[in-house]
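[1] structural data only, the sequence is not supplied:
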């Protein structure tokens, strides 16, 4: 049980960290670009919300496997295949949780609008400088919400993880898969305990997020 | 005189390299657009823009906004909500690579009266305080051109009156041109040295020194209700017994109720055209405090019942001008003519609120 808990938390932490790094600039571009390509990319980012996780997981499995398009690059990292590995899980989770990170941040950037950035430019801040010194701090509420949602969503994912990671105890077996396995083997009590904790966890995370959001709205009206 | 900007497609104007240039016109005539072009937020296709010796826009060349040494005070204060007042002030200052800033943090804090607010968050300030921080922040970025886009229009009357004295002080401290956009002419009367009047279609109607344009009775300025002449007066002495200040405008002595300022200081006196009446012949036994010998320079019929009369006051050296608004009936009854010598009367109490 413990290896699965540690693995799940580790996966969620790494995924969230990577998502902050790629989700924030992506959200910035989506919030500010007026070109039609932004709409297309927005759509692609939103796909995991509606797609069956198994469909997404299937394509990721093919793409990350030993015959996938990136296979020839893998030896440079000392790897043969990303499928059925922790790294594969991370890649899958990042893509699967991308909309949960990008959408709150993009909305936060939209709310900020042009005004503070015009001020920053008139105070000699380059666009990159203004991004870090004005846009990111003002959007911290959105970044916080996106991080919590991504973290919680990664902990709750099942289909993608099962497809791409298989079910290797201690390596790719996360909590959601443990529940599935418990049910498969008729261990109702064990399944109930894990499920109940996950329901509690999800409830607490969302409640705390909403409370913190309410507080930041008071601070930055 | 420096060439501030010229937009061959729409408008072109020059403004003095020092002092306040007021940009005045009806809403929608493009005042803000002009400022946004100067700041580089808008790129006019085929536009050309030169400030001093630096070309900011010419065919393919376009200087990015953050590379322009421009200070911009917006209608709303737009303070950074995540920074304290002090950090807002420092934001531009620390990004200027300049050996000796022409104005430092400490003098600016005193100039704008921000000493007690430094640790506060912008959310904890009043509207007037916020705009004062915004003005200080813009100037601390050491601009070589300051743009002010109706900085008082979002404020209530009290906050306006709180900020105006700070704005009046600015040009004396800064040796850079200030372009001040407003649709409230009374602000410009107090601040501007030079005026650019715009028409509704976005073209420049007239430009020139404030007193020159005010003295042009053919312009719509003189036809505005409450239209007035602005006299630069020097405070001479204060009579405490009567609570009256004596001051002079080019040698012409004018009495103003109340304490106008300490002796030797310069003030702007607002004299409404409708408060100036004319006497032909020798006045006697009048309660009117200011009876000034003058001659009629020009006259224009403003409406079926109104005449606008431009007067030259008989003083020394350079002539002080005054506009009088009288009825056409009086004009005809007195048989006034251009060139006539008259007396201009300004009732003392009419100047009581003229500062």
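    Right, received. Where do you want to start? All values reported here derive from a predicted model rather than from experimental measurement. Numbers count the residues shown, from 1 in each chain, chains lettered A, B, ... in the order given.

[2] give the contact list for the nearest residue to residue B:131 once chain neighbours are set aside.
    Take residue B:131 and drop its neighbours on the chain: the residue closest to it by Cβ to Cβ, 6 or more residues apart in numbering or on different chains is residue B:77, 4.9 Å away. (Each C-beta comes from the backbone N, C-alpha and C, glycine too.) Residue B:77 sits next to B:122, B:127, B:130-131, B:133-134 when contact means Cβ atoms under 8 Å, 6 or more residues apart in numbering or on different chains.

[3] of all these, which comes closest to chain A?
    Nearest to chain A among the contacts of residue B:77, counting by Cβ to the nearest Cβ, is residue B:134 at 8.3 Å.

[4] tell me which element the closest one is part of?
    Take DSSP states H and E as the rule and residue B:134 turns out to sit in helix B:127-140.

[5] which helices and strands sit right next to that helix?
    Identification of packing neighbours for helix B:127-140 by 3 or more Cβ pairs under 8 Å, 6 or more residues apart in numbering or on different chains; DSSP states H and E yields strand B:70-73, helix B:85-93, helix B:105-111, strand B:145-149, helix B:157-173.

[6] related to what we said a few turns ago, how close does the residue nearest to residue B:131 sit to residue B:152?
    According to Cβ to Cβ, to the nearest Å, residue B:77 stands 11 Å off from residue B:152.

[7] and for those two, which residues touch both?
    By Cβ under 8 Å, 6+ apart, the residues touching both residue B:77 and residue B:152 are residue B:131.

[8] mean pLDDT lowest for which of the helices and strands packed on helix B:127-140?
    Per-stretch mean pLDDT for the helices and strands packed on helix B:127-140 is lowest at helix B:157-173 (a mean of 87).

[9] just list the residues touching the closest residue to chain A within the stretch 251-355 of chain B, thanks.
    As assessed by Cβ to the nearest Cβ, chain A sits closest to residue B:268 within the stretch 251-355 of chain B, at 29.4 Å. Residue B:268 makes contact with B:189-190, B:230-233, B:355 under the criterion Cβ under 8 Å, 6+ apart.

[10] show me these that map onto helices.
    B:189-190 (DSSP state H).

[11] from the contacts of residue B:268, pick the one nearest chain A.
    Chain A has its nearest neighbour among the contacts of residue B:268 in residue B:190, at 24.9 Å by Cβ to the nearest Cβ.

[12] what's the neighbour count on that closest one?
    Neighbour count of residue B:190, defined by other Cβ atoms under 10 Å in any protein chain shown: 16.

[13] point me to the residue of the stretch 1-150 of chain B nearest chain A.
    For the stretch 1-150 of chain B, Cβ to the nearest Cβ, closest residue to chain A: residue B:92, 3.3 Å.

[14] may I have the phi/psi pair for residue B:252?
    phi -90, psi 120 (degrees, to the nearest 10).

[15] does the residue nearest to it when sequence neighbours are not counted count as helix, strand or coil?
    Leaving aside its chain neighbours, residue B:252 sits nearest to residue B:315 (4.2 Å; criterion: Cβ to Cβ, 6+ apart). Three-state call for residue B:315 (DSSP: H, G, I helix; E, B strand; the rest coil): coil.

[16] check what pLDDT residue B:315 gets.
    Residue B:315 is assigned 72 on the pLDDT scale.

[17] from what I see, it and residue B:233 are in contact.
    No. Using Cβ atoms under 8 Å, residue B:315 is not in contact with residue B:233; the gap is 11.8 Å.

[18] list residues touching both of the two?
    Residues touching both residue B:315 and residue B:233 by Cβ under 8 Å, 6+ apart: residue B:249.

[19] the more surrounded of these two?
    Using other Cβ under 10 Å as the criterion, residue B:315 and residue B:233 rank with residue B:233 on top: 26 against 17.

[20] show the contacting residues for the residue nearest to that one when sequence neighbours are not counted.
    Using Cβ to Cβ, 6+ apart and skipping the chain neighbours, the partner closest in space to residue B:233 is residue B:247 (4.1 Å). For residue B:247, the contact set (Cβ under 8 Å, 6+ apart) comprises B:233-236, B:253-254, B:256, B:260, B:267, B:269.

[21] shouldn't residue B:247 be within a helix?
    No. The assignment for residue B:247, made by three-state DSSP, is strand rather than a helix.

[22] if we can go back for a sec, weed out the non-buried ones from the contacts of residue B:247.
    Neighbour counting with 16 or more other Cβ atoms under 10 Å in any protein chain shown marks B:233, B:235, B:254, B:256, B:260, B:267, B:269 as buried within the contacts of residue B:247.

[23] just put these in TSV and tack on pLDDT and secondary structure.
    Below are the buried ones among the contacts of residue B:247 laid out as TSV (pLDDT from 0 to 100; DSSP: H, G, I helix; E, B strand; the rest coil):
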residue	pLDDT	secondary structure
B:233	90	strand
B:235	93	strand
B:254	91	strand
B:256	91	strand
B:260	86	coil
B:267	88	strand
B:269	90	strand
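
[24] could you dump those into TSV with distance to residue B:322 added?
    Below are these laid out as TSV (distance: Cβ to Cβ, whole Å):
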residue	distance to residue B:322
B:233	12
B:235	19
B:254	10
B:256	15
B:260	18
B:267	16
B:269	11
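
[25] closest one of those residues to residue A:82?
    Minimum distance to residue A:82 across the buried ones among the contacts of residue B:247 is 78.9 Å, recorded for residue B:267 (Cβ to Cβ).

[26] the closest one contacts residue B:245, correct?
    No. Look at residue B:267 against residue B:245 with Cβ under 8 Å: they stay out of range, at 9.0 Å.

[27] which neighbours do these two share?
    Jointly contacting residue B:267 and residue B:245 under the rule Cβ under 8 Å, 6+ apart are B:235, B:260-261.

[28] show me which of the residues you listed neighbour chain A.
    Filtering the shared contacts of residue B:267 and residue B:245 for proximity to chain A by Cβ under 8 Å from any Cβ of the partner chain leaves nothing.

[29] residue A:43 and residue B:148, how far apart?
    Taken as Cβ to Cβ, the spacing of residue A:43 relative to residue B:148 amounts to 44 Å.

[30] which of those two has more neighbours?
    Counted by other Cβ under 10 Å, residue A:43 and residue B:148 do not tie: residue B:148 has more neighbours, with 27 against 9.

[31] can you give me the helices in chain A?
    Applying DSSP H to chain A gives helices spanning A:2-32, A:36-50, A:53-64, A:86-112, A:115-122, A:127-130, A:136-138, A:140-156, A:159-165, A:175-184, A:188-219.
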